[in-house]
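In: Sequence unavailable; structure follows:
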């Protein structure tokens, strides 16, 4: 039987305005996390369609059960991120165009690629999540705690559940395709697509969210963009640099060693015979699951205690 649990969450994003700059101490991370919300909606829609389409190929009952629980978890993530993005669109209506463009990228992928490619896409991308999200969750005191507790709690919930189902996508891929060579061969095109979708989101932020509200150039999360900006400043004949705000990086304040460990984990996740079950896990995940089971209000991860005592 699967170990996954489907948890329905309501972060009350409709109760009052949701700021784009939800962690004022780290505008670059705020922007990057917002891009994850947009990406999650399109990606998780693709996953639901993929599993529905591939369902007849999950002939092992345990794999079929894993697929169903995985799909249901991802469906809950998509619903919650839609609520977050809907709140941002209420404030910045132009972001509806950005959301539509992100979803269209994944709809095109669903329409133009075979099941085995999308199974590999899901397995390859999901395999990177545990090392990346461990980096974030291990540094929650600076990345999440200073921000809007609803938004912070949304991402913490999503990331710990990604850790929980870290093996699911690879289980499904192996049950239907089972070719490590194929998974590695298509990985470059998969990650090009992921980065292209994130670029669509970040370009939309620059276009539709005023600089005073985002404070940073949302495109600055891309090294190629930052390098292009530097070249334009050094070599004026290439054209003036695009002035859309400052260019800090989301993880500038994190220990370099931790960032390198995460990078090594990402590379390892794409290697043959990778087993996500053996990954080092963030301590915060176990704490989150324990507190959830005890009835703690995880939709207010940092403020529920103070709200209950007031």
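Out: Great, that's in hand. Because the structure is a prediction, the values reported are computed rather than measured.

In: now residue 253: how far from residue 181?
Out: 40 Å (Cβ to Cβ, to the nearest Å). (C-beta placed from N, C-alpha, C; glycine too.)

In: neighbour count winner among those two?
Out: Neighbour totals were compared for residue 253 and residue 181, and residue 253 leads with 14 against 8 (other Cβ atoms under 10 Å).

In: From what I see, that one and residue 29 are in contact.
Out: No - Residue 253 is beyond contact range of residue 29, at 9.2 Å (criterion: Cβ atoms under 8 Å).

In: list the residues that contact both of the two?
Out: Both residue 253 and residue 29 lack any common contact, where contact means Cβ atoms under 8 Å, 6 or more residues apart in numbering.

In: So for the protein, the centremost residue is which one?
Out: Closest residue to the average C-alpha location of the chain: residue 36 at 4.1 Å, with Cα atoms, centre = their mean.

In: Now that residue. Its backbone dihedrals?
Out: The phi/psi pair for residue 36 (degrees, to the nearest 10) reads phi -60, psi -40.

In: residues touching residue 304, list them.
Out: Residues in contact with residue 304 (Cβ under 8 Å, 6+ apart) are 296-298.

In: Mind pulling up the pLDDT for it?
Out: At residue 304, the model reports a pLDDT of 89.

In: Next: residue 234.
Out: So, for residue 234, pLDDT stands at 73.

In: and it, how many neighbours does it have?
Out: By other Cβ under 10 Å, neighbour count at residue 234 equals 9.

In: What of residue 95?
Out: Count around residue 95 with other Cβ under 10 Å applied: 23.

In: Verify the stated contact: residue 71 with residue 47.
Out: Yes - between residue 71 and residue 47 there is a contact under Cβ under 8 Å: 6.6 Å.

In: out of those two, which sits in the busier spot?
Out: residue 47 (28 against 20).

In: Can you tell me the element that one falls in?
Out: Take DSSP states H and E as the rule and residue 47 turns out to sit in helix 27-54.
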